[in-house]
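In: sequence first, then the predicted structure:
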Amino acid sequence: MKGLGSVVSVVRLTLFLLPLSPRLLAVDLSTTNRNSLEQFFNVANQTARPVTVVSFGDSMANSYQSIAFVMMDQFVARLGLAGCSLDNWRNNLIRTVTNGAWFIGPSDLWFAESIHIPPGGGVWWWKETSPAGIISDSLGLFYVAQPNGGPFTVSVSTNNGPWGALMTLDGYADPPVGRFTNIMVDLDYHMLRVDGVSGTNVILGVRVMNSQSIGVNVSFLDYLGIGLDDVTNIPLSIRTPILQALAPDLLIWHMKEDGTEATRQRLIEGEQWWSNSAPNCSVLYIGTPYVSTDTNSTWTIDQNTVVRSIALSYHRAYVDCMTPAVSYPWMVSQGFMSDETHENLQGNTYLEGFAWNDVGFFALRTPRILAISPGQNQITLNFSTATNILYTLESTPDLLNWQPVLTNVGDGTTISTNFPTTAGSRLFRLSLRPAP
């Protein structure tokens, strides 16, 4: 490489991610396959449409204090809120049933909660902090058509106005199938309602979203106490259309299972479901933290060993939340546990902080473009910064030995520096790390 033109043409940007402390275990359970999240980063950074993030699992993935709950808060703070889907998050999708409609847990038709609506029964969704509903132009309904189903109506309230019927759908099918319908409306505040006409209809939930937003469609597919078998026992004729319609860009998996071969096989079945239904979805497996049984067993280590091996086999990201947990007695001593299995919100906020930085989410939609302009006997390098991120400009003559040129903690301003061309041909890159 000779001359300034060559230097400019090979300017590169590298995002460096901080590993967690080395593990003192015989088996490697460290964070891996961060680069498999590239598709999610691309979608989130292109700011062209809403980004759908799904928390998937049992009570470890719940919508009120889990690691994924804390992570959703950070996604929304960074990217904005586009809407909500399925389970209630921060009281944006509170459900009220009437006239004999009821909630039911896992069944042979769905692995999480569903709403069964008899003739004359109904359910509607509302937002606690906004009686008018959620700002939206895309109103979707997830349901299972099945042999006991029949017609039901879908109605909308706009800006706290009266309910108006939008359409009548058919909830009958034999064998059962998952279905989704989406209705585009003018952008305004909306609430959705379903009323049964005949049969008993099975409603899974709604998606209320602003399709013009570049924020997060927050989605929770979780239910306390379920196992992987509750998921994989649901026919693909139901699961596949639902996940296709949800169209996740990132699925965050977190469950309490075990280290058996049965768990491995069910994880493989899950991978096949995700790959076929949402081929462009990135998956992040959370390496689960310690529980009380780990004081006299290797339960959590055994589970994480299986989960991480699946992540490696299917090129998925796995983030280690066990090492920062130290041990179950340590988590208890820090006041981080709500019971023998579950961390409280404080504990999960602590653990999520490691995960967020470890996989690079700290850099979402932050400036990281290195611009170079030639001058007389020098080049000028410029880059914009974001707060709380450590920017390091590095240089090398050979792609092997990188040396720092300057390091700054971002403060929202643009940093500029000059580099003499008399030093010979050089390559430059910009690394980003969380600020200490």
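Out: Received the coordinates, thanks.

In: can you map out the helices along the protein?
Out: 3-9, 38-46, 67-79, 228-232, 236-246, 261-277, 299-313, 328-333, 345-358 (DSSP state H).

In: among those, which is nearest L370?
Out: With Cβ to Cβ, the closest approach to L370 among the helices of the chain belongs to helix 3-9: 10.7 Å. Where C-beta positions appear, they are placed from N, C-alpha and C, glycine not excepted.

In: and G375, what pLDDT?
Out: G375 is assigned a pLDDT of 82 by the prediction.

In: thought it was touching N418?
Out: Yes. At 7.4 Å, G375 and N418 qualify as touching, with contact defined as Cβ atoms under 8 Å.

In: what helices or strands is the lengthiest strand in the chain leaning on?
Out: Scanning the chain for the strand with the most residues, using DSSP state E, yields strand 177-196. Of the remaining helices and strands, those touching strand 177-196 by 3 or more Cβ pairs under 8 Å, 6 or more residues apart in numbering; DSSP states H and E are strand 114-117, strand 122-126, strand 134-145, strand 151-158, strand 164-170, strand 201-209, helix 236-246.

In: could you pull out the buried residues of that strand?
Out: V177, G178, R179, F180, Y189, H190, M191, L192, R193, V194, D195, G196 (16 or more other Cβ atoms under 10 Å).

In: which of these sits closest to A435?
Out: Distance to A435, by Cβ to Cβ, is smallest for Y189 among these, at 38.2 Å.

In: could you find the closest non-adjacent residue to the closest one?
Out: When the adjacent residues along the chain are set aside, Y189 lies closest to A132, with 3.6 Å between them (Cβ to Cβ, 6 or more residues apart in numbering).

In: cool, Q403 as well?
Out: Using Cβ to Cβ, 6+ apart and skipping residues adjacent in sequence, the residue nearest Q403 is S395, 5.8 Å away.

In: state the distance from the one you found to N377.
Out: With the distance defined as Cβ to Cβ, to the nearest Å, S395 ends up 17 Å from N377.

In: more neighbours, those two?
Out: Between S395 and N377, counted using other Cβ atoms under 10 Å, the more crowded position is S395 (18 against 10).

In: need the per-residue pLDDT for the more buried one.
Out: 91.

In: correct me if wrong: it contacts T417.
Out: No. Counting by Cβ under 8 Å, S395 does not reach T417; the two are 10.7 Å apart.

In: can you list residues touching both of the two?
Out: Residues touching both S395 and T417 (Cβ atoms under 8 Å, 6 or more residues apart in numbering): V405.

In: can you redo the helices and strands packed on strand 177-196 as a markdown table with distance to A278 and mean pLDDT?
Out: As requested, the helices and strands packed on strand 177-196 are arranged in a markdown table below (distance: least, Cβ to Cβ, whole Å; pLDDT from 0 to 100):
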| stretch | distance to A278 | mean pLDDT |
| --- | --- | --- |
| strand 114-117 | 21 | 98 |
| strand 122-126 | 24 | 98 |
| strand 134-145 | 14 | 98 |
| strand 151-158 | 25 | 98 |
| strand 164-170 | 24 | 97 |
| strand 201-209 | 15 | 98 |
| helix 236-246 | 5 | 98 |
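
In: tell me the most buried of those?
Out: For the helices and strands packed on strand 177-196, ranked by mean neighbour count under the definition mean count of other Cβ atoms under 10 Å, the leader is strand 201-209 at a mean of 26.

In: that one packs against which elements?
Out: strand 81-86, strand 114-117, strand 122-126, strand 134-145, strand 177-196, strand 216-222.

In: what's the closest of those to D108?
Out: Smallest distance to D108 across the helices and strands packed on strand 201-209 (Cβ to Cβ): 10.2 Å, for strand 134-145.

In: pop the domain breakdown of the chain in here.
Out: Structural domains assigned to the chain are 3-12+367-434, 33-80+214-359, 90-211, following automatic domain parsing.

In: returning to that earlier point: how about the buried residues of strand 177-196, which pair is most distant?
Out: With distances taken as Cβ to Cβ, the most widely separated pair in the buried residues of strand 177-196 is V177 and Y189, at 32.1 Å.
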